[in-house]
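Undergrad: Kindly return the folded structure for what I paste below:
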Amino acid sequence: MSFIVYIYPKKWTFIEKDLVLLSKNHTVVSAGFEVKNKALLPFYFIKQFFFLLRYIFKADRIVCHFAGFSSLVPALFAKLTFKKYYVIVAGTDGCSFPDFNYGHFSRYFLAKATCISLRLATKIFPVHPTLKYQEYQYHAPGAPVQGYGHFCPKSNKVESYYIPYGFDSNAFVTYNLKRPINSFITVGSVGDDRVIQRKGFDLIIEAASRKPELSFTLIGWNMPKTNLPSNIRVLPFSDQLTLVKELNNHQFYLQLSIMEGFPNALGEAMLCGCIPIGSSVSAIPEMIGKNGFVLQKKNTDDLIEIFDKSQALSAEKINIMEQAARQSIIDRYSNEFRETELLKAMDLEN
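TA: This is a model prediction of the structure:
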């Protein structure tokens, strides 16, 4: 049995799943590092320092989910105490979009912290290989290359091991009910214009205004509902049961992000039988495969062309694609697969 210190910025669902799987046969202590006030960053470092000081001599492994400020002190502790130290790169820590200040490598000090954290790692676990390096054309200001291996070349000397997220096909299910035709849904925490742009909600809103015969649902909307087309319905974040119900009430799922790592919402939607339409970014095309549509560049006309293709699908073809979307996630991205691969990569196999 190993003693693992696990650090994360915020306890999202995929973080919780990792903590559960590692805790099955090992002792795990964890701590968040959510910086809500940048002026208090030194305080967060001090707090984390004393947390690590308490456990570092018991621990034999340190895991940081996301590289950045949250992983800087753990990386230095690991270096000084000769502990195994792993970084899970999951999205924002593998990109730079200065045009709207997104990505760790778009900010000087955060980029430095991210790079140091990666260079000191025993191994790096990107949730998709494209987070290390990808030729990027979807959103022009992000071209031509993204990936931590590009922005931090010295990190390429560290062994990387691709481990995708896993999904629970018993929690995200299909009801096998007739879905309203020409219905589209997307999920994302939207609280400001920057997130609207990153998640592609701006593209959806513009396309919806030009396609009034289609219906759209945006889940996670935390802004005023003014100036939205009448065929867009917005909801706040929902509990899992409500989310599954909403997904089962739509034919298509939209993942039009400018940047993602390995979007959990897309996998969950496909498990619920939604036909995916996604951007040509990171893991999204791989997840979609032949079971949906990929938007090559951020362009409203091109998106409307995909909508027209989706409207032309026969009921039989839609049914086949719904089933295939679900099965493709089950076959490739199970929780069990992630558990096996993570334990193997951390040299924790029983």
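Undergrad: low-scoring stretches of this protein, by residue?
TA: 350 (pLDDT under 70).
Undergrad: I figured V63 was touching S2, is that so?
TA: No - V63 lies out of contact with S2 (CB atoms under 8 Å); the separation is 10.7 Å. (Each C-beta comes from the backbone N, C-alpha and C, glycine too.)
Undergrad: neighbour-wise, which of the two wins?
TA: Neighbours were tallied for V63 and for S2 using other CB atoms under 10 Å; the higher tally belongs to V63 (25 against 16).
Undergrad: For that one, grab phi and psi.
TA: phi -120, psi 130 (degrees, to the nearest 10).
Undergrad: Please name the bridge partners of it.
TA: Y6, Y86 (DSSP bridges).
Undergrad: residue contacts, it?
TA: With contact taken as CB atoms under 8 Å, 6 or more residues apart in numbering, V63 is in contact with 4-7, 18, 22, 85-88, 346.
Undergrad: Now rank those by neighbours and give me the top one.
TA: Comparing those by number of neighbours (other CB under 10 Å), V87 comes first, having 31 neighbours.
Undergrad: Show me what counts as buried in stretch 287-298.
TA: For stretch 287-298, a neighbour-count test (16 or more other CB atoms under 10 Å) marks 287-288, 291-295, 298 as buried.
Undergrad: Can you flag which of those residues belong to strands?
TA: Mapping these onto strands (DSSP state E) picks out 293-295.
Undergrad: any chance of the residues you listed in a markdown table, plus distance to S155?
TA: Shown next, in a markdown table, are these (distance: CB to CB, whole Å):
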| residue | distance to S155 |
| --- | --- |
| F293 | 34 |
| V294 | 28 |
| L295 | 30 |
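Undergrad: any idea how far K58 is from L80?
TA: 15 Å (CB to CB, to the nearest Å).
Undergrad: can you check H250 too?
TA: Taking CB to CB, one finds H250 at 48 Å from K58.
Undergrad: more neighbours, these two?
TA: The neighbour count for H250 versus K58, taken as other CB under 10 Å, is higher for H250 (23 against 10).
Undergrad: who touches the more buried one in this structure?
TA: H250 is in contact with 179-180, 183-185, 217, 274, counting by CB under 8 Å, 6+ apart.
Undergrad: and if you look at Y148?
TA: Contacts of Y148 were listed using CB under 8 Å, 6+ apart, and they are 67, 89, 93-94, 105, 114, 118, 124, 126, 131-132, 155.
Undergrad: neighbours of the nearest residue to S2 once chain neighbours are set aside, just the number please.
TA: Spatial nearest neighbour of S2, excluding adjacent residues (CB to CB, 6 or more residues apart in numbering): H26 at 4.7 Å. By the measure other CB under 10 Å, the count of residues near H26 is 16.
Undergrad: ok, now Q48?
TA: Neighbour count for Q48, taken as other CB under 10 Å: 21.
Undergrad: Give the residue farthest from the middle of this protein.
TA: Note on the chain: the largest C-alpha distance from the chain mean falls to F57, namely 32.4 Å (CA atoms, centre = their mean).
Undergrad: For that one, list the residues it contacts.
TA: Shown in contact with F57 (CB under 8 Å, 6+ apart): T81.
Undergrad: All the helices of this protein, residue numbers only.
TA: 13-23, 41-55, 69-81, 108-119, 148-151, 193-198, 201-210, 240-248, 264-271, 284-288, 300-311, 315-332, 335-345 (DSSP state H).
Undergrad: Distance to N170 for those helices - can I get that in a markdown table?
TA: Below are the helices of the chain laid out as a markdown table (distance: least, CB to CB, whole Å):
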| stretch | distance to N170 |
| --- | --- |
| helix 13-23 | 14 |
| helix 41-55 | 34 |
| helix 69-81 | 32 |
| helix 108-119 | 35 |
| helix 148-151 | 34 |
| helix 193-198 | 31 |
| helix 201-210 | 30 |
| helix 240-248 | 11 |
| helix 264-271 | 10 |
| helix 284-288 | 19 |
| helix 300-311 | 28 |
| helix 315-332 | 10 |
| helix 335-345 | 10 |
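Undergrad: Most tightly packed of these?
TA: helix 264-271 (a mean of 25; mean count of other CB atoms under 10 Å).
Undergrad: Can you tell me how far N170 is from D239?
TA: N170 sits 17 Å away from D239, taking CB to CB as the criterion.
Undergrad: again, but for R194
TA: In this structure, R194 and D239 are 26 Å apart, going by CB to CB.
Undergrad: G149 now?
TA: Counting by CB to CB, the separation of G149 from D239 is 38 Å.
Undergrad: Mind listing what's buried along stretch 224-231?
TA: For stretch 224-231, the neighbour count (16+ other CB under 10 Å) marks 228-229 as buried.
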